[in-house]
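Undergrad: Compute the structure for the input listed below.
(2 chains)
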Amino acid sequence: MAEEAPTQNKIRSGDTVLLRIPNGDTRSIKVEKDLIVSIGRLGSFSSNELIDQHYGLTFEIVGKNLVVLPPQNIQELEETDATNEHIVGDGSVKPVTPEEMAAMKEAGVHVSDIIKKQIDQHTNFELKTEYSKDKYKKKKEAKYAKVFTTIPPTLFNVCEYWYNKDQGRIRDLRIDALSQMLSLANIRPGGRYLVVDDASGLVVSGVLHRMGGQGRVLTICDVETPPAYPVMSQMNFSPEVKSIMSSLNWATCQEDYTPIISTWDVEEGQIRSDKQRIRVNKRRAASDLLQSTREDLFAGEFEALIVASEYDPQSILKRLNKYLGGSCNIVIHSPYVQILSDLQVVMRASAEYLSPALSEVWLRRYQILPGRTHPMMNMSGAGGFILHATKVYDDPSAVPVEAHRRLAKLAAEAQKNSDVVSSQQDGGDVAMTDVA
Amino acid sequence: MWSTAREIAPGDTVIAWLTRDLIQPLVVTPGKDLNIRFGYYRHDDLVGVPYGSKVGSRNGKGFIHVLRPTPELWTMALPHRTQILYLADIAFITSQLDIKPGSRVVEAGWFMDVEIFHFCSPTTFRLFVPIPGSNFLFFAGTGSGSFSHSVARASKAKEEFTRHGLADIVTLTHRNVCKDGFTVESAADAVFLDLPMPWSAIPQAKKALRKDCLTRICCFSPCIEQVQRTVTALNDAGFTEITMYESLVRPHEVDQVPPMRSIDDACEILKKAEQKREDKRLRQIAATRQNLANKRKREGEADLAEDESHHDTGSGKRTKTDEIDDIPQEPISLDRNIAGSSEVADSTKPTAKTTVSKAFPEVRGHTSYLTFACLLPGSPEVAVDA
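TA: Alright, predicted model coming up:
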């Protein structure tokens, strides 16, 4: 237990950090030394204050500084006799005027005092049930509190952030779907995997996260330069974790593709200046990298193919199939069942894929407040569909057991028939029809 | 932990896939045989064969596929010795607890090896697996509540870990974690409790978790009452960010069906049927008249009035039979019509089938509730023995 924990615990300069603000929204900010971070209504602060802090802590912005708040527990609410029934909208509520509010904010009055003042002026407050009071306070806190919580950059949290922000950009890949894909593909350190990710890099992020910098990941994309994979920025991967990934595109992954080599590939003697030498070397390095990545792909024997793509999965499978090793896990996600059911029909007809199985993912979150446990009133309905199959090597000479039984039966009956035919020539026709 | 070589070698653990519902693990042992419903094999036949190959039986009575083991295949191959964790839950828990290479995880429960394989998949982390003693209500229903039995089970599990090469990363301890706690203190990145009374182990779990960074806990309970008590215990122990989820998989079956017919077809068929019926009626009337006329000719006209009704029914019946003989294509059932009309449709439309999918008629509706919580560095300390 003495070895250094590999878990990333603290915020470092250069990290992209997710913040949860009181209204429930999540913001993504870049933490850089001596940078001023501004989060809208909440105010601004120097990001130096976040550096070296643990992920998961809650801060209050006081002036331009951050104060760590102790973790908050769930408070049990005492039942009272209040029933809300005596509350009448008779205009007796004298809310705090916008001017008063502005003045308080200007004077830097603490949020708890602002809420207290509002409650004081709320004549009906005491008539509310404890639940209503709690709800009222929470609502006001969400509106005025200048607090935020840093969210640890786990795959779960990053996926949730993107799913809420723009689920189309991650092709409806909800965290349960993503987790199942990684488990079905059996992603582990040291493996060799092919990834086709048009989900902004969420799948690649998941794969790299579970590999911890050991093994090999090849991604195939539809852009000329290595893809940006924006989701990866929130994961704050170390360079080692990312080092195992290389990318090809649908053109460069073709075996008959030949890069167009123009005049830049000059001979050693023809280089005229240092500047040109650097340029030539750079290009040569890029070209070498491309070539070695291509060779890596062509060497095949990949242990999993994992796909979340906007392209036809049948075309992807057709192209990459020959690089998959025996017993390779093929995992394909789509927001649409039709695409995968069509694919399943095609795969089922081929002896190269064992037991293609299609499933839909389902996830429900619960509210678990004391005495108030129930499923959330809203749940995400779209996590997509997953098709999983295993690549196998066919042996056409192997006879299925049913066929064997059928053949045996036919042989036995043929034997019987020939007996019948020879013994009673007239009935021969009848016997033959029976067999057919 | 399992072979990563391309070909199968003696001593490898392989998965023999017979059918989707019949999957069995084997350790390839030259000299041994495999004699199953799907034929007769020798283990020697598997040596040197690439993983993922279809292997025909020696007696031609079928074939098997030999696959590389994965945690998922292992789950499917397992004789269900105890309540096990399924893919949806395991995958979700692995993500939520942020289990990754290097993580140190403590698990307590009547697990068998399934989730260990899954968690070990992001391998090289350390795993502690204390098993609770037998003084739990949990065993009441299983009929195997004796302490010696649980010891036997623990040692069997230990053997299994060693056999799968997990001994280096899995440490198994048999003890009552609720009473005696875990063997480690401030060491785990995550704790997973699959216990009948997880709330009673939460103070101990807190002890086992690291205090120098954010750590996580997951409690796996099938009942909502267990969840409620667990949440209270977690809250009291200073855990925060308490969430609870339920995750399921809905398997779909895919079929190819002919394109759905238009109601125009049905309309056409009904009209035709009506027309045919009308034609038949007219033919019957004509035939009856003919019969009657013949009869009259034969029998004379004297006693016609007396016998009319009787003759009518008799001859009517006869004509009906004649009709059926004459027109064997008489539309009787709707199915017949469908066959006829789709032939018509086929000649005009392309015969492409439509792919459809629907959820399986019977699926797993509940596994367990997954309760998660975080422990932040600097959480208010609570007395562990409270």
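Undergrad: counting contacts, what elements does the biggest helix by length in chain A pack onto?
TA: Ranked by residue count and defined by DSSP state H, the top helix of chain A is helix A:274-298. In terms of contacts (3 or more Cβ pairs under 8 Å, 6 or more residues apart in numbering or on different chains; DSSP states H and E), helix A:274-298 is packed against strand A:216-221, strand A:245-249. Using the backbone N, CA and C atoms, a C-beta is placed for each residue, glycine as well.
Undergrad: Pull the residues that contact the very next helix or strand once past the longest one.
TA: Secondary structure here is assigned by DSSP states H and E; on that basis, the next helix or strand after strand A:216-221 toward the C-terminus is helix A:231-235. For helix A:231-235, the external contacting residues (Cβ atoms under 8 Å, 6 or more residues apart in numbering or on different chains) are A:16, A:18, A:28, A:153, A:155, A:158, A:161-162, A:170, A:199-202, A:204-205, A:208-209, A:242.
Undergrad: so who does the residue in chain B that chain A sits nearest to touch?
TA: The minimum distance from chain B to chain A, using Cβ to the nearest Cβ, falls at residue B:52 (2.6 Å). By Cβ under 8 Å, 6+ apart, the residues touching residue B:52 are A:325-328, A:390-393, B:65-68.
Undergrad: Could you list which residues are in contact with residue 221?
TA: Answering for chain A, as no chain was given. So residue A:221 contacts A:196-198, A:227, A:247-250 (Cβ under 8 Å, 6+ apart).
Undergrad: I was thinking of chain B, sorry if that wasn't clear
TA: Residue B:221 neighbours (Cβ under 8 Å, 6+ apart): B:198, B:227, B:230, B:368-369, B:371.
Undergrad: same deal with residue A:134?
TA: Per Cβ under 8 Å, 6+ apart, neighbours of residue A:134: A:75, A:77.
Undergrad: what about it, helix or strand, and which?
TA: Short version, using DSSP H and E: residue A:134 is in helix A:130-144.
Undergrad: List the buried residues of the host helix or strand of residue A:158.
TA: Using DSSP H and E, residue A:158 sits in helix A:155-166. By neighbour count on 16 or more other Cβ atoms under 10 Å in any protein chain shown, the buried set for helix A:155-166 is A:155-163.
Undergrad: now stretch A:99-112
TA: A:101, A:104, A:111.
Undergrad: Show me what that stretch is in contact with.
TA: A:63, A:96, A:113-114, A:117, A:141, A:144-146.
Undergrad: export the helix holding residue A:134 as CSV, just CAs?
TA: Backbone C-alpha positions of helix A:130-144 (Å, rounded to 0.1, in the frame of the first residue of the first chain) are rendered in CSV as follows:
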residue,chain,number,x,y,z
GLU,A,130,-41.3,22.3,6.7
TYR,A,131,-41.0,20.8,3.2
SER,A,132,-42.3,24.0,1.6
LYS,A,133,-39.9,26.1,3.8
ASP,A,134,-37.0,23.9,2.8
LYS,A,135,-38.0,24.2,-0.9
TYR,A,136,-38.3,28.0,-0.5
LYS,A,137,-34.9,28.3,1.1
LYS,A,138,-33.3,26.0,-1.5
LYS,A,139,-34.8,28.1,-4.3
LYS,A,140,-33.5,31.3,-2.8
GLU,A,141,-30.1,29.8,-2.2
ALA,A,142,-29.9,28.6,-5.8
LYS,A,143,-30.6,32.2,-6.8
TYR,A,144,-28.3,34.2,-4.5
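Undergrad: list the buried ones in it?
TA: Buried, per 16+ other Cβ under 10 Å, within helix A:130-144: A:131-133, A:136-137, A:140-141, A:144.
Undergrad: cool, and stretch B:281-299?
TA: Buried-residue list, stretch B:281-299, by 16+ other Cβ under 10 Å: B:284, B:287-288, B:291.
Undergrad: ok, and the closest non-adjacent residue to the residue of the stretch 101-250 of chain A found nearest chain B?
TA: Closest contact between the stretch 101-250 of chain A and chain B, by Cβ to the nearest Cβ, is at residue A:212 (3.1 Å). The shortest distance from residue A:212 to any non-neighbouring residue, by Cβ to Cβ, 6 or more residues apart in numbering or on different chains, is to residue B:101 (3.1 Å).
Undergrad: The one you found: which element?
TA: Here residue B:101 is assigned to no helix or strand, by DSSP H and E.
Undergrad: what's around it, how many residues?
TA: Around residue B:101 sit 20 other residues, with neighbours defined as other Cβ atoms under 10 Å in any protein chain shown.
Undergrad: The one 5 residues further on now?
TA: As a burial measure, the neighbour count of residue B:106 was computed by other Cβ under 10 Å and equals 26.
Undergrad: pLDDT below threshold where in the stretch 1-150 of chain A?
TA: Residues of the stretch 1-150 of chain A meeting the criterion pLDDT under 70: A:1-8, A:86-94, A:123.
Undergrad: try 90 this time
TA: A:1-10, A:22-24, A:39-43, A:62-65, A:69-146 (pLDDT under 90).
Undergrad: Among the contacts of residue B:52, find me the one that's closest to residue A:79.
TA: Of all the contacts of residue B:52, residue A:79 sits closest to residue A:390, with 56.3 Å by Cβ to Cβ.
Undergrad: these two touch, right, that closest one and residue A:324?
TA: No: counting by Cβ atoms under 8 Å, residue A:390 stays clear of residue A:324, with 9.8 Å between them.
Undergrad: and the two? which has more neighbours close in?
TA: More crowded of residue A:390 and residue A:324, by other Cβ under 10 Å: residue A:390, with 26 against 23.
Undergrad: Would you mind naming what in the stretch 151-300 of chain B lies close to chain A?
TA: Residues of the stretch 151-300 of chain B that fall close to chain A, judged by Cβ under 8 Å from any Cβ of the partner chain: B:184, B:187, B:189, B:210, B:212-214, B:224, B:227-228, B:231-232, B:235, B:238, B:240-254, B:256.
Undergrad: Taking chain A, what residue is nearest to chain B?
TA: residue A:326 (2.6 Å).
Undergrad: Now name the helix or strand holding that residue.
TA: Per DSSP H and E: strand A:324-334 holds residue A:326.
Undergrad: Tell me the strands beside that strand, with direction?
TA: Here strand A:324-334 is paired, per DSSP bridges, with strand A:302-308 (parallel), strand A:385-391 (antiparallel).
Undergrad: Could you list the domains of the chain?
TA: You didn't say which chain, so I picked chain A. Structurally, chain A divides into domains by automatic domain parsing as follows: A:1-152, A:155-391, A:401-435.
Undergrad: ah, I was thinking of chain B
TA: B:13-69, B:78-249+B:365-375.
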